[in-house]
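**Student:** What shape does this take:
(one chain, ligands or ions: 3)
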Amino acid sequence: MDELLWREIDEKEPIPAHILERMEEMRKHHKPLIDPAYIKRPTMIEGIRRAGAVNTAVLDEVAKHIRAGMSTQDIDDIVREFTHAQGAICAPYKFEGYPKSVCTSINNEVCHGIPSRLRKLHDGDIINVDCTTILDGYYADASRMFMIGSVSEARRKLVEETKKCLEAGIAAAQPWATVGDIGYATAKYAHSHGYSVVRELGGHGVGLEFHEDPFVAHIGTRGKGMVLVPGMVITIEPMINIGKPGVYIDDYNGWTIYTKDNSDSAQWEHTILITETGNEILTY
Ligand code: MF3
Ligand code: CO
Ligand code: CO
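**Tutor:** Ligands and ions are numbered 1, 2, ... in the order given. Have a look, this model is predicted:
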């Protein structure tokens with residue numbers, strides 16, 4: 001996305017004065033604040049919302065076809081072909097050298113699993129499919145878990161509780177709250193159900209670029225971290241492990257993250273807009 005275009009929109013759609021005033025008030029109290037260039041204006045929000053609608057349709061398409069026996073490359077093919085048919089593109093492809101169009105992370109893989117013809121889905125697997133769509137230069141990012149065939153009770157519970165963990169994070173993402181409030185809520189939910197929270201990766205600002213400020217940790221302290229200003233668009237995407245929180249990166253492909261103790265991991269992700277009264281999920 002060329003910087004020029006959104007800087008032009010910027011001038012025509014200023015940040016409302018009452019929001020700037022409240023930001024100024026918080027600045028005086030030494031609260032960390034986002035660069036105003038990343039506070040989304042109505043035209044941008046409409047663009048990200050449209051990217052979100054395509055991203056949701058892509059994940060719905062995956063949901064229709066995903067099944068045992070299929071390879072993760074088959075998922076990549078579905079995502080790429082469907083996305084392109086909507087006039088959009090897949091953000092992961094060639095992002096910092098990433099070789100495929102989607103991330104497919106199975107069982108003990110935490111995230112950034114790379115699709116492959118050699119990796120087939122088996123009955124009992126749980127898999128995260130993480131899609132990021134670029135439409136007219138705007139980004140939307142979401143992921144879901146899929147349960148293949150009949151999965152164990154422990155895996156089913158992990159998948160369902162991780163979704164509720166994301167929902168707890170979304171509920172905490174209120175205007176003028178902080179990123180720390182989100183992390184506090186997700187960690188509290190996960191820990192109270194006996195799970196651990198991955199610390200090395202997190203959510204992020206999104207919309208004009210793939211990964212913008214702030215980093216959204218899924219463990220945090222209430223009231224700490226960047227203020228959530230109306231007009232900010234962020235992802236929340238907790239990675240929750242059955243065992244210990246430690247992870248490591250694949251030595252050979254440089255991307256895939258696994259749990260250190262080999263325990264199962266789940267993740268759900270939404271892109272959300274902070275509004276003046278709450279938030280709006282842009283990837284439903
Ligand atoms: N979609 C991931 C996220 O939620 C990022 C994937 S980067 C890739 O932030 F290069 F692996 F695609
Ligand atoms: Co994602
Ligand atoms: Co993301």
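**Student:** My read is that H112 contacts T256, right?
**Tutor:** Yes: H112 is within contact range of T256, at 5.2 Å (criterion: C-beta atoms under 8 Å). Using the backbone N, CA and C atoms, a C-beta is placed for each residue, glycine as well.
**Student:** D264 versus K157, what's the distance?
**Tutor:** 10 Å (C-beta to C-beta, to the nearest Å).
**Student:** higher neighbour count, the two?
**Tutor:** D264 (22 against 16; other C-beta atoms under 10 Å).
**Student:** Quick one: residues contacting the more buried one.
**Tutor:** Going by C-beta atoms under 8 Å, 6 or more residues apart in numbering, D264 touches 107-108, 126, 154-155, 158, 241-243.
**Student:** my guess is I78 contacts L59, does it?
**Tutor:** No: between I78 and L59 there is no contact under C-beta under 8 Å: 10.3 Å.
**Student:** so how far is the helix or strand where Q73 lies from its chain's centroid?
**Tutor:** Assigned by DSSP states H and E, Q73 belongs to helix 72-85. Put simply, helix 72-85 sits 19 Å off its chain's centre (C-alpha atoms, centre = their mean, to the nearest Å).
**Student:** and stretch 111-118, anywhere near ligand 1?
**Tutor:** Yes: shown here: stretch 111-118 in contact with ligand 1 (C-beta under 6 Å from any ligand atom) through H112.
**Student:** try stretch 79-88
**Tutor:** No: Stretch 79-88 is not in contact with ligand 1 by C-beta under 6 Å from any ligand atom; minimum separation 11.2 Å.
**Student:** Flag every buried residue along that stretch.
**Tutor:** Residues of stretch 79-88 classed as buried: 79-80, 82-83, 86, 88 (neighbour count, 16 or more other C-beta atoms under 10 Å).
**Student:** With ligand 2 in mind, check whether stretch 205-224 reaches it.
**Tutor:** No: judged by C-beta under 5 Å from the ion, stretch 205-224 and ligand 2 are separated, with a smallest distance of 8.6 Å.
**Student:** Just the terminal-to-terminal distance for that stretch.
**Tutor:** This stretch, stretch 205-224, spans 17 Å end to end (C-alpha to C-alpha, to the nearest Å).
**Student:** Now that stretch: buried residues?
**Tutor:** Those buried within stretch 205-224 under the rule 16+ other C-beta under 10 Å are 205-208, 210-220.
**Student:** now stretch 64-80
**Tutor:** For stretch 64-80, by 16+ other C-beta under 10 Å, it's 66, 70-80.
**Student:** and if you look at stretch 84-102?
**Tutor:** Residues of stretch 84-102 classed as buried: 86, 88, 90-93, 98, 100-102 (neighbour count, 16+ other C-beta under 10 Å).
**Student:** And those residues, which two are furthest apart?
**Tutor:** Distance extremes for these: the farthest pair is Q86 and Y98 at 20.7 Å, using C-beta to C-beta.
**Student:** sorry, back to before: let me know the closest of the contacts of D264 to E21.
**Tutor:** Out of those, the member with the shortest distance to E21 (by C-beta to C-beta) is N241, at 42.7 Å.
**Student:** The lengthiest helix in the chain versus helix 72-85: what angle between them?
**Tutor:** Assignment by DSSP state H gives helix 42-65 as the longest helix of the chain. Going by axes from the mean of the first three to the mean of the last three C-alpha atoms, to 10 degrees, helix 42-65 is angled at 140 degrees with respect to helix 72-85.
**Student:** Could you pull up the mean pLDDT of helix 42-65?
**Tutor:** Mean pLDDT, computed over helix 42-65, is 98.
**Student:** Any part of it near ligand 3?
**Tutor:** No: Helix 42-65 is not in contact with ligand 3 by C-beta under 5 Å from the ion; minimum separation 11.0 Å.
**Student:** residues making contact with that helix?
**Tutor:** Residues from elsewhere that reach helix 42-65 (C-beta under 8 Å, 6+ apart): 6, 9, 13, 40, 74-75, 78-79, 82-83, 86, 88, 129, 131-144, 146, 206-208, 231, 233, 271, 273, 282-284.
**Student:** 6 Å - rerun?
**Tutor:** For helix 42-65, the external contacting residues (C-beta atoms under 6 Å, 6 or more residues apart in numbering) are 9, 13, 78-79, 82-83, 86, 88, 129, 131, 133, 135-136, 138, 140, 142, 144, 207, 233, 271, 282-283.
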